[in-house]
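**Student:** below are the sequence and a predicted model for it; my questions follow.
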Amino acid sequence: MDYLKDERKKAQFDVDVMKVVWAGSRESFLVSDRMAKLVANDPAFEKFSKPMLSRKELFKNTLRKAAYAWKLINDLRLSEEEAKWLRHYIDEPNYTDLQWEMFVPAIQGQCTEEQKKKWLPLAQSMQIIGSYAQTELGHGSNVQGLETTATFDAQMDEFVIHSPTLTSSKWWPGGAGKVATHAIVYARLIINAQFHGVHGFMVQLRSLEDHSPLPGITVGDIGLKFGHGAYNTMDNGVLRFDHVRIPRDHMLMRVSQVTKEGKFVQSDVPRQLIYGTMVSVRQTIVADASKALSRAVCIATRYSAVRRQFGSRNGGPETQVIDYKTQQSRLFPLLASAYAFRFVSEWLKSLNKDVKQRLEDKDFSTLPEAHACTAGLKSLTTAATADGIEECRKLCGGHGYLVSSGLPELFAYYVPACTYEGENVVMMLQVARFLMKTVSELGYKKPVGTTAYMGRAKTLILSNCVIQTSEEWLNSGAIVEAFEARAARMAVGCGKRLAKYENPDEGFAELSIDLVEASLAHCQLIVVSKFIEKLELEIPGKGVKQLLEVLSYVYALSLLHKHQGDFLATGYLTPKQASLANDQLRTLYSKVRPNAIALVDSFNHTDHYLSSILGRYDGDVYPKLYEAAFKDPFNDSDIADGIYEYVQPILKQKLQSAKL
């Protein structure tokens, strides 16, 4: 029985077309849909029993699923794209994530053709399993501060990999704790006592025969992490090296190499190519943010339509929670954000493709912007998604705290994204450096790309918003200009204050809080403008484009309301105009309301993927919550272990004679 059937009838747009828009293309939709159903319909990938497993059982169960998935990939001859979606819908972090997202791409991007011929076939056929060992116990985002050394021994034609201190222990590399046979280890290259930068080295960790750690290598798991399942299915590792010797050709040598005589040589391949991998990884993180947020929003929206609370009249049904404006004002901006992040990730994907092509042609002109965009959008989307998942949990009331709601585990699984591949504040400070450089060059260099609006900085600083009615906020041009004016004024203001410092580094440190806020304003402008640019394309399907326009306004105006202090402090808006924007936002919620269930249906998430009783497609929540409670092994018996020993003596006032 479909308890949400009446909600689905209210839809004012073609849901099937919206599913394709969300997926990016008809082909992407068909591939992802096929893999989602393949996983959902295979009992081998069941995951509702995960909360009942111990850490060791959880890990072994994940190893089983990874092995079964690899067998499926080979038996069904799945393409690379299909295999990627299969792993995604299995929805359990494991060692294969690092294999395909970090280890293989690093070989492809940083190895010579000869090295690729040696290692790629082994990695792609899973004859070796790799990890990516960069972060250290005492060093995270600051790669140049890493302590692990790779000292060249010319006599033996080898590098000696060594962990000189406790803080130089590699810490966090996924898959390294118990599974990986190899790792790409980042270390300080030392030749004749001279430091030549940080480089990557292929290091074998374990025997391919019996899986035991090789001599000189101390390796283990770093211990339990936040949540129960989440990343506890992954063996994040600690690695220490005690003068471990590797052949000279195990240095990743596409960009630079060491000759047999001990000479450090830069190849013709530009070092900037290494950043191409980083840009690619961060683009994937932005795409993953939209997926994770869409899951949380789907659960909260469906449950908000099922749940009734208060408002009963004359014995009639209570009011659906989703009809309360307070619920809509918290939920619908998150729904709009999921779509916004999806579309900006599509744009980043095309930017990444363009950057890679330019790098191959030795054109580095777009690299600084691409680096700033991916760093900033990684920070913005992961922070908003982590906060959004927690907000969705609270939107589900007390039941959101149940593991069976799917939200606590989703939060625990997702929140590391705020710190991995660059801590979010550090990422925003990287954006700030790019912005300040752009501001400093305004007098003689025309900004392009996402900073093109800076070329109109004088106009944006002098002009003010002319909106006089709430309806006038339904104008994409007016919205973009408001965000441009805010971003330009904040960036130029920081630039002027920075120029007063004799020491730029001291000024940057002193103004870092303001610089982070200016960077956020710039990144929010990018997301808003890319959402609007998406709507300039031809989008077929009844009502699809119209609903996306509504969501674009909800996203932009909810940000304007949340950050109205910036818009007012910079002087572009008056308090009255900010109030009018909020009036329009409330009106937009009424347009989203009848379409809310259909909009989350358009994400095309299976019940298996959501792993949530509250977010079930059929809305049959309460009987399933009740069933789940009594499936818990804790309810196997009416009298729990320990009752007779510790509770009965209290009840019978015999605590003194009890054997405690």
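**Tutor:** Cool, the structure landed.
**Student:** any stretches of this protein with poor pLDDT?
**Tutor:** For the chain, applying pLDDT under 70 flags the ranges 272-277, 658, 660.
**Student:** what packs against the lengthiest helix in it?
**Tutor:** Determined from DSSP state H, the single longest helix within the chain is helix 325-360. Other helices and strands packing on helix 325-360, by 3 or more C-beta pairs under 8 Å, 6 or more residues apart in numbering; DSSP states H and E, are helix 273-306, helix 367-395, helix 512-534, helix 544-562, helix 575-592, helix 596-601. Glycine gets a C-beta too; all of them are placed from N, C-alpha and C.
**Student:** packing partners of the shortest one?
**Tutor:** Secondary-structure packing of helix 596-601 (3+ C-beta pairs under 8 Å, 6+ apart): helix 5-9, helix 15-23, helix 273-306, helix 325-360.
**Student:** same thing but at 10 Å, please
**Tutor:** Contact here means 3 or more C-beta pairs under 10 Å, 6 or more residues apart in numbering; DSSP states H and E; on that basis helix 596-601 packs against helix 5-9, helix 15-23, helix 273-306, helix 325-360, helix 544-562.
**Student:** could you give the angle of the second one to helix 325-360?
**Tutor:** Regarding helix 15-23 and helix 325-360, their directions subtend 50 degrees when assessed with axes from the mean of the first three to the mean of the last three C-alpha atoms, to 10 degrees.
**Student:** pull helix 15-23 out as CSV, backbone CA atoms only.
**Tutor:** Output of helix 15-23 as CSV, limited to C-alpha atoms (Å, rounded to 0.1, in the frame of the first residue of the first chain):
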residue,chain,number,x,y,z
VAL,A,15,8.9,13.1,-12.6
ASP,A,16,10.5,10.7,-15.2
VAL,A,17,12.0,13.7,-17.0
MET,A,18,13.2,15.2,-13.7
LYS,A,19,15.0,11.9,-12.9
VAL,A,20,17.0,12.3,-16.2
VAL,A,21,17.7,15.9,-15.4
TRP,A,22,19.0,14.9,-11.9
ALA,A,23,21.1,12.1,-13.4
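**Student:** and the strands in the protein, which stretches?
**Tutor:** 130-133, 149-153, 158-162, 170-171, 182-191, 194-204, 217-221, 237-241, 244-247, 256-258, 264-266 (DSSP state E).
**Student:** next up, the contacts around Arg308.
**Tutor:** Pro317, Glu318, Thr319, Gln320, Val321, Ile322, Asp323 (C-beta atoms under 10 Å, 6 or more residues apart in numbering).
**Student:** any idea how far the fifth one lies from Ser612?
**Tutor:** Plainly put, Val321 is 16 Å away from Ser612 if you go by C-beta to C-beta, to the nearest Å.
**Student:** compare these two (neighbour count), which wins?
**Tutor:** Shown here are Val321 and Ser612; by other C-beta atoms under 10 Å, Ser612 has more neighbours (27 against 23).
**Student:** was I right about the more buried one contacting Val306?
**Tutor:** No: contact criterion C-beta atoms under 10 Å: Ser612 and Val306 do not qualify, at 11.9 Å.
**Student:** make a markdown table from the helices and strands packed on helix 596-601 and add distance to Glu101 to it.
**Tutor:** Converted to a markdown table, the helices and strands packed on helix 596-601 look like this (distance: least, C-beta to C-beta, whole Å):
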| stretch | distance to Glu101 |
| --- | --- |
| helix 5-9 | 36 |
| helix 15-23 | 20 |
| helix 273-306 | 7 |
| helix 325-360 | 14 |
| helix 544-562 | 28 |
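**Student:** quick one on the thing from earlier: tilt between the longest helix of the chain and helix 273-306?
**Tutor:** 160 degrees.
**Student:** just how off-centre is helix 325-360 within its chain?
**Tutor:** Taking the mean C-alpha point of helix 325-360 and that of its whole chain, the gap between them comes to 11 Å (C-alpha atoms, centre = their mean, to the nearest Å).
**Student:** tell me the buried residues in that helix?
**Tutor:** Using 16 or more other C-beta atoms under 10 Å as the test for burial, helix 325-360 gives 327-328, 330-349, 351-352, 355-356, 358-359.
**Student:** quick check: angle from that helix to helix 544-562?
**Tutor:** Inter-element angle recorded for helix 325-360 and helix 544-562: 100 degrees (by the same axes, to 10 degrees).
**Student:** sorry, back to before: of all the helices and strands packed on helix 325-360, which one comes closest to Ser212?
**Tutor:** Among the helices and strands packed on helix 325-360, helix 273-306 comes nearest to Ser212, with 31.1 Å by C-beta to C-beta.
**Student:** tell me how far that closest one lies from the chain's centre.
**Tutor:** How far helix 273-306 lies from its chain's middle: 5 Å, per C-alpha atoms, centre = their mean.
**Student:** how about it, which residues are buried there?
**Tutor:** Applying 16+ other C-beta under 10 Å to helix 273-306 flags 273-306 as buried.
**Student:** just give the closest residue to Ala23, not the sequence neighbours.
**Tutor:** Of all residues not flanking Ala23 in the chain, Phe29 sits nearest, at 3.6 Å (C-beta to C-beta, 6 or more residues apart in numbering).
**Student:** who's in contact with that neighbour?
**Tutor:** Under the criterion of C-beta under 10 Å, 6+ apart, the neighbours of Phe29 are Asp16, Lys19, Val20, Val21, Trp22, Ala23, Asn604.
**Student:** against Val17, how distant is it?
**Tutor:** The spacing between Phe29 and Val17, counted by C-beta to C-beta, is 10 Å.
**Student:** what's the answer for Ser329, then?
**Tutor:** The gap separating Ser329 from Val17 is 28 Å, by C-beta to C-beta.
**Student:** related to what we said a few turns ago, out of the helices and strands packed on helix 596-601, which is closest to Gly145?
**Tutor:** Nearest of the helices and strands packed on helix 596-601 to Gly145, taken as C-beta to C-beta: helix 273-306 at 17.0 Å.
**Student:** that closest one to helix 367-395, inter-axis angle?
**Tutor:** Going by the same axes, to 10 degrees, helix 273-306 makes 20 degrees with helix 367-395.
**Student:** quick one: closest of the strands of the chain to Ile532.
**Tutor:** Closest among the strands of the chain, using C-beta to C-beta: strand 130-133, at 36.8 Å.
**Student:** can you list the strands that the closest one pairs with?
**Tutor:** Applying DSSP bridges, strand 130-133 is found paired with strand 182-191 (parallel).
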